[in-house]
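Chemist: Kindly generate the corresponding structure for this input.
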Amino acid sequence: MFVARSIAADHKDLIHDVSYDFHGRRMATCSSDQSVKVWDKSENGEWHCTASWKTHSGSVWRVTWAHPEFGQVLASCSFDRTAAVWEEIVGESNDKQRGLSHWIKRTTLVDSRTSVTDVKFAPKHMGLMLITCSADGVVRIYEAPDVMNLSQWSLQHEISCKLSCSCISWNPSSSRAHPPMFAVGSDDSNVTYGGKVQIYEYNENTRKYAKAETLMTVTDAVHDIAFAPNLGRSFHVLAIATKDVRIFKLVPMRKETTSSGPTKFEVQIVAQFDNHNSQVWRVSWNITSTLLASSGDDGCVRLWKANYMDNWKCTGILKGDGSPLTGSSGQPTAMSTVVGSSVQTSQNALNGMSAGRYFFPPLDPPRAGTRYGHLLPPSSLIEHCDAEPVQPQQQALLHRHSSRALVPLPEAEGQ
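Modeler: Numbering: from 1, shown residues only. Alright, predicted model coming up:
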């Protein structure tokens, strides 16, 4: 079941973004009131505001956390054409701020001539790097040469995307087989121009980012984009929030040994959902990339999950107040397959608190008094695939993957 907790954010205007740190114990919010607030989760599950300060001279669109390996570091971007990096300082609070964490601005990035619409820290294995995108269609990548000195950032790459940029996402894969890669989405309202999502890949030979792919089928404005965490896959999965929810698979094609250009991909759309019946504004993956959360103008958060046959379906719906929506046409009324907590639905997923994608072959119920009953998976992790009749080929698949019967351990002598 879902447990919802309301938080009195006390922002004076619209809240544009909510971001959780690596551990899911801290949260940052940003708003058109030009401020950022930091929240800490207490032992009893309550969220408390521990810092609030004015960050920009315009609406703050996005806020994001760096990996904790680099300290408690935030980045924000704004309509005032800048991005800023903030660091928490411990033990330097004055009497008025006693009990509140103290955040100081380490740098302001002023290269953009228009509104900076998104900002993201690079995956940890790439070092302390930051990417921004702007309404003028330019993506900029910065690097901090010295992670101990966050006031020094150098502009490493400047890439023109030709379209107004609205959102950006790093590919989190740390595999040596996958060069650094990011996807950028455009909110350009001209639907006659396709390719609102572009994929860029780093080339070791030229030491520059080059366009590897354009998703020509995405013709509507893109509001959010998110690469799924890569746990050893050879391909990439990308979720897109536009007028609906779309999930793409990017399969790298075999590269010619003499080719020095970017990787070519076979682009497959694996799922497309218009259940929100409205614009979709955010998409977010859990840490194992088995669960996707989306939110839209219908005032609902919807959870999407693939079964063992890689068929994606809606597995839960939350209304704006956090209560589950049941009984809607074509949607499940049972919510027991997903575990949620508070208004963190998508971030709980990010921290692996959801059931995840597990399929267990049918097992006979354990006999009373036997020793292998505890080896069965907990009921919350068992996905009952009763939505569709089992086809003969699926029965053969299940039979091939079913485990042998477990033999009870011999009773010890003297018992």
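
Chemist: lowest-confidence helix or strand of this structure?
Modeler: helix 345-350 (a mean of 38; mean pLDDT, DSSP states H and E).

Chemist: does Ser31 really touch His11, like I thought?
Modeler: Yes: assessed by C-beta atoms under 8 Å, Ser31 is found in contact with His11 at 4.0 Å. C-beta coordinates here come from the backbone N, C-alpha and C atoms, glycine included.

Chemist: who has more neighbours, those two?
Modeler: Counting neighbours by other C-beta atoms under 10 Å for Ser31 and for His11 shows that Ser31 has the greater number, 22 against 18.

Chemist: which residues pair with the more buried one across the strands?
Modeler: Ser31 has the following beta-bridge partners by DSSP bridges: Ile15.

Chemist: And the average pLDDT for stretch 175-195 is what?
Modeler: Mean pLDDT, stretch 175-195: 86.

Chemist: In CSV, list the C-alpha atoms belonging to that stretch.
Modeler: Output in CSV follows, covering the C-alpha atoms of stretch 175-195 (Å, rounded to 0.1, in the frame of the first residue of the first chain):
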residue,chain,number,x,y,z
SER,A,175,30.8,0.1,-18.7
ARG,A,176,34.0,0.7,-20.6
ALA,A,177,32.1,-0.5,-23.7
HIS,A,178,29.8,2.6,-23.4
PRO,A,179,31.4,6.0,-24.0
PRO,A,180,30.0,8.9,-22.0
MET,A,181,26.6,9.8,-23.5
PHE,A,182,23.7,12.2,-22.8
ALA,A,183,20.2,12.8,-24.2
VAL,A,184,18.7,16.2,-24.6
GLY,A,185,15.0,17.0,-25.1
SER,A,186,13.4,20.0,-26.7
ASP,A,187,10.1,21.8,-25.9
ASP,A,188,9.9,23.5,-29.3
SER,A,189,6.2,23.7,-30.1
ASN,A,190,6.6,23.2,-33.8
VAL,A,191,5.3,19.6,-34.3
THR,A,192,6.2,19.6,-38.0
TYR,A,193,9.9,19.4,-37.0
GLY,A,194,10.6,15.9,-35.7
GLY,A,195,13.6,14.8,-33.7
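
Chemist: Tell me which residues of that stretch come out buried.
Modeler: For stretch 175-195, burial by neighbour count (16 or more other C-beta atoms under 10 Å) applies to His178, Pro179, Pro180, Met181, Phe182, Ala183, Val184, Gly185, Ser186, Asp187, Asp188, Gly195.

Chemist: That stretch: how far from the chain's middle?
Modeler: How far stretch 175-195 lies from its chain's middle: 16 Å, per C-alpha atoms, centre = their mean, to the nearest Å.

Chemist: Contacts only, for Thr219.
Modeler: Each residue near Thr219 by C-beta atoms under 8 Å, 6 or more residues apart in numbering is listed here: Val191, Thr192, Tyr193, Gly194, Lys196.

Chemist: Now secondary structure and distance to Lys249 too, for these, in a markdown table please.
Modeler: Shown next, in a markdown table, are the contacts of Thr219 (DSSP: H, G, I helix; E, B strand; the rest coil; distance: C-beta to C-beta, whole Å):
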| residue | secondary structure | distance to Lys249 |
| --- | --- | --- |
| Val191 | coil | 24 |
| Thr192 | coil | 26 |
| Tyr193 | coil | 24 |
| Gly194 | coil | 19 |
| Lys196 | coil | 18 |
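
Chemist: Could you list the low-confidence segments of the stretch 201-350 of the chain?
Modeler: Applying pLDDT under 70 to the stretch 201-350 of the chain flags the ranges 255-260, 326-350.

Chemist: Please, where are all the strands along it?
Modeler: Ranges of strands within the stretch 201-350 of the chain are 208-215, 224-227, 236-241, 245-252, 265-273, 280-285, 291-296, 300-306, 312-319, based on DSSP state E, counting those that start in this stretch.

Chemist: for those, which one sits closest to Asp40?
Modeler: strand 280-285 (20.7 Å; C-beta to C-beta).

Chemist: So what touches the closest one?
Modeler: Residues outside strand 280-285 that contact it (C-beta under 8 Å, 6+ apart): 223-226, 228-229, 239-245, 291-297, 346-347, 349-350.

Chemist: Now restrict the residues you listed to buried residues only.
Modeler: Among the contacts of strand 280-285, those buried by neighbour count (16+ other C-beta under 10 Å) are 223-226, 228-229, 239-245, 291-296, 346-347, 349-350.

Chemist: quick one on the thing from earlier: using a markdown table, lay out the contacts of Thr219 together with distance to Pro262.
Modeler: What follows is those, written out as a markdown table (distance: C-beta to C-beta, whole Å):
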| residue | distance to Pro262 |
| --- | --- |
| Val191 | 27 |
| Thr192 | 26 |
| Tyr193 | 22 |
| Gly194 | 19 |
| Lys196 | 19 |
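
Chemist: between these, which is nearest Ile131?
Modeler: Lys196 (18.2 Å).

Chemist: Tally up the residues packed near that closest one, please.
Modeler: Neighbour number of Lys196 under other C-beta under 10 Å is 27.

Chemist: again with Trp170
Modeler: Residues near Trp170, counting by other C-beta under 10 Å, number 18.
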